[in-house]
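>>> need coordinates for the below:
(one chain, ligands or ions: 2)
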Amino acid sequence: MRGYYFITGASLSKAGDISDVRKAVKARVSVIQMRAKGGDPEEIFRKARVLRKICRDSIFLVNDRVDIALSVGADGVHLGRGDMSLESARALLGPGKIIGVTVRSLEQAVQAEKEGADYIGAGPVFKTTTKTDAGEPLGIGFLGELKRTVSIPIAAIGGITPSNLPDVVEAGADLVCSIAPVVTSSDVEAEILKYQSLFRQVRPLRLLRTVRD
Ligand code: TZP
Ligand code: MG
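Ligands and ions are numbered 1, 2, ... in the order given. You can find the predicted model right below:
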């Protein structure tokens, strides 16, 4: 799991989640998450079913809702701090599904890895207004510490833009999420392609440094 990770942002989106996800698929994004906050559960379920079909060749994850993930045949879930425990989600989903867990400390990261998380999400890395209860920014240094502490993939989120993406990837992010700059763009596909291309440019630098050290 590496590269740009698309997460829907319905309340900010110009064209809507379905159009945005179609664009993400066109840009060959490999991990796509439906993040639906509040609203009618039936509508969330129906949208998830449509998005699952659109994401035929991508990993499709559902935020928070293990029940909806199961009912639409999603590839897994992303769980925040207030969501179902990793243990319960794993019991429901089985060993074959992907479970990502949000962490805000090294201790939480170690525990998530030990309990079988497939990746961890760390954020907000920078200040963001997209998630109002996101808490204080963790900073780039925290990503580096995470990278040295766990070996599962790290998804960085919160305030990430094309200009700070190289630092985020250099610090150790395997996956990079950016919601507002992408879904508010008038050309979602072009914006995603920009992130993907920047991501690819940083990787060789990191590898070179690893070989040198
Ligand atoms: N979790 C931590 S920050 C955040 C989430 C879901 C929102 C990120 O949004 P943006 O627009 O990429 O800053
Ligand atoms: Mg959540």
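
>>> tell me the contacts of Tyr5?
Contact analysis of Tyr5 by Cβ atoms under 8 Å, 6 or more residues apart in numbering lists 29, 31-33, 155, 175-177. (Glycine included, C-beta is placed from N, CA and C.)

>>> redo that, cut-off 6 Å
31, 155, 175, 177 (Cβ atoms under 6 Å, 6 or more residues apart in numbering).

>>> and it, what are its phi and psi?
When read as degrees, to the nearest 10, the backbone of Tyr5 gives phi -120, psi 120.

>>> and the contacts of Tyr5, which of them are in strands?
Members of the contacts of Tyr5 lying in strands (criterion: DSSP state E): 31, 155, 175, 177.

>>> from ligand 1, how far out is the last one?
Shown here: Cys177 relative to ligand 1, a distance of 6 Å by Cβ to the nearest ligand atom, to the nearest Å.

>>> I'd guessed that residue sits against Thr8; true?
No: under the criterion of Cβ atoms under 6 Å, Cys177 makes no contact with Thr8, lying 10.8 Å away.

>>> what helix or strand is Ala48 on?
Ala48 is located in helix 41-54, with elements delineated by DSSP states H and E.

>>> list the buried residues for that helix?
44-45, 47-48, 51-52, 54 (16 or more other Cβ atoms under 10 Å).

>>> which elements pack onto it?
Packed against helix 41-54, as judged by 3 or more Cβ pairs under 6 Å, 6 or more residues apart in numbering; DSSP states H and E, are the following elements: helix 17-26, helix 66-72.

>>> most neighbours out of the ones in strands among the contacts of Tyr5, which is it?
Ranked by the number of neighbours (other Cβ atoms under 10 Å), the ones in strands among the contacts of Tyr5 place Val31 first, at 27 neighbours.

>>> contact partners for that one?
Counted by Cβ under 6 Å, 6+ apart, Val31 has contacts 5, 59.

>>> now it: how far from Ile59?
Taking Cβ to Cβ, to the nearest Å as the measure, Val31 falls 5 Å from Ile59.

>>> and what of Pro41?
23 Å.

>>> before we move on, what about Lys127?
28 Å.

>>> out of these two, which sits in the busier spot?
Each of Lys127 and Ile59 has its neighbours counted (other Cβ under 10 Å); Ile59 has more, 17 against 10.

>>> look up phi and psi at that one.
Per degrees, to the nearest 10, the backbone of Ile59 is at phi -80, psi 120.

>>> wait, isn't it in contact with Asp75?
Yes: Ile59 lies in contact with Asp75 (Cβ under 6 Å); the separation is 4.7 Å.

>>> which outside residues touch stretch 108-116?
Under Cβ under 6 Å, 6+ apart, the answer for stretch 108-116 is 86, 90, 101, 103, 120, 146, 149-150, 152.

>>> now the residues you listed: which count as buried?
Applying 16+ other Cβ under 10 Å to the contacts of stretch 108-116 flags 86, 90, 101, 103, 120, 146, 150, 152 as buried.

>>> just the ones of those in strands?
Using DSSP E, these in strands are 101, 103, 120.

>>> in terms of pLDDT, where does the last one sit?
Put plainly, it is Ile120. On the pLDDT scale, Ile120 is placed at 98.

>>> can you tell me, leaving aside adjacent residues, what's nearest to it?
Of all residues not flanking Ile120 in the chain, Val103 sits nearest, at 4.9 Å (Cβ to Cβ, 6 or more residues apart in numbering).
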